[in-house]
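Asks: Got a predicted structure plus its sequence, pasted below:
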Amino acid sequence: RDWKNDFGDTMFQMSYVLVIALASIGCAPLRQALRWRHKNRVESAPLWMLVWTGVAGALTLILLIVGIVFGFSANDDKNSGRHAIGVHALEVWGPYVVAAHLASYFLCMLTCATGCDGRAGWVLMAF
């Protein structure tokens, strides 16, 4: 393929690889928490795990609030022709998509921090 004449597809593919790399870096604390919880089944969670759980929960809540605010403001400009296309769709739905991923990350970290593994799988599947 000629990547110079189809630069948009090339950038899309490279951004996909970049997102996967950033997601693997972002999931490093979860990987450490899972390993720690596997070795220490009955101990209480260390401070670093509680901090990461709190950060993930706070970011999820912030993104949900931002998504609600942008969602309400998106209805104001329906007549402008920008409704749910291109960058405007990313502005409206982007926070919700990221919040859903962060919420699942938060639930996994919360499960590791509390050591509760009986119902956690069902909660994660329902989410």
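Replies: Good, I have the coordinates. Numbering: from 1, shown residues only.
Asks: Where does residue 5 fall, secondary structure wise?
Replies: Per DSSP states H and E: residue 5 is located in neither a helix nor a strand.
Asks: per-residue confidence for it?
Replies: We have a pLDDT of 76 for residue 5.
Asks: count of neighbours near it?
Replies: Here the count is done by other CB atoms under 10 Å, and residue 5 has 8 residues near it. (C-beta placed from N, C-alpha, C; glycine too.)
Asks: chain center to the helix or strand hosting residue 11: distance?
Replies: Element membership of residue 11 [criterion: DSSP H and E] is helix 7-26. Relative to the centre of its chain, helix 7-26 is centred 15 Å away, using CA atoms, centre = their mean, to the nearest Å.
Asks: next SSE after that helix?
Replies: Using DSSP H and E, the helix or strand that follows helix 7-26 in sequence is helix 28-39.
Asks: which parts of that next one are buried?
Replies: By 16 or more other CB atoms under 10 Å, the buried positions in helix 28-39 come out as 29, 30, 33, 36, 37.
Asks: Quick one: work out the angle between the helix or strand harbouring residue 107 and helix 7-26.
Replies: Using DSSP H and E, the element containing residue 107 is helix 86-114. For helix 86-114 against helix 7-26, the angle between stretch directions is 20 degrees (axes from the mean of the first three to the mean of the last three CA atoms, to 10 degrees).
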